[in-house]
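Enquirer: fold the following, please.
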Amino acid sequence: MFIVQVHIQVKSDSLQGFIAATIENARNSLSEKGIVRFDLYQEMDDPCRFVLLEAYCQENDTYLHKETEHYLKWRDTVAPMLAETRWSKKYINIFPSDDNWS
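Expert: Take a look at the predicted model:
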């Protein structure tokens, strides 16, 4: 598996709009063949900070995801809601391993 954590800080007046747009994107993303998980987390100490945890079968699936209509809509919708540039970290799965992901 190939995992991406996307770190996002949202403007305080955009919280509900960001959450709604991101849930819509996450629901649509889960129907993509190469996506295993697509989670949205909100920080408890700072509710304007979020993490997306995206798990893909292969690294190439991340590129396919960024070409989908729902991702492009999400990207453009949330851009003015962000308090800073979003950033990500990429990981490979070590444990548990499952050869069925690829």
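Enquirer: all contacts plus neighbour counts: C-alpha atoms, from now on.
Expert: Will do.
Enquirer: which parts of the helix or strand where residue 24 lies are buried?
Expert: For residue 24, the element it lies in under DSSP states H and E is helix 15-29. Using 16 or more other CA atoms under 10 Å as the test for burial, helix 15-29 gives 15, 18-19, 21-22, 25-26, 29.
Enquirer: so where do the helices sit in the chain?
Expert: Remark: helices assigned in the chain by DSSP state H are 15-29, 60-65, 69-78.
Enquirer: low-confidence stretches in this structure?
Expert: Residues of the chain that meet the criterion pLDDT under 70 lie in 98-102.
Enquirer: rewinding a little: restricting to C-alpha, output the helix holding residue 24 in PDB.
Expert: The C-alpha trace of helix 15-29 is given here as PDB (Å, rounded to 0.1, in the frame of the first residue of the first chain):
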ATOM      1  CA  LEU A  15     -15.000  25.000   8.800                       C
ATOM      2  CA  GLN A  16     -18.400  23.800   7.900                       C
ATOM      3  CA  GLY A  17     -17.900  24.400   4.100                       C
ATOM      4  CA  PHE A  18     -14.600  22.600   4.200                       C
ATOM      5  CA  ILE A  19     -15.900  19.600   6.100                       C
ATOM      6  CA  ALA A  20     -18.900  19.300   3.700                       C
ATOM      7  CA  ALA A  21     -16.700  19.500   0.600                       C
ATOM      8  CA  THR A  22     -14.200  17.100   2.000                       C
ATOM      9  CA  ILE A  23     -16.700  14.500   3.000                       C
ATOM     10  CA  GLU A  24     -18.200  14.700  -0.500                       C
ATOM     11  CA  ASN A  25     -14.800  14.200  -2.000                       C
ATOM     12  CA  ALA A  26     -14.000  11.300   0.400                       C
ATOM     13  CA  ARG A  27     -17.200   9.500  -0.400                       C
ATOM     14  CA  ASN A  28     -16.600   9.700  -4.100                       C
ATOM     15  CA  SER A  29     -12.900   8.800  -3.700                       C
END
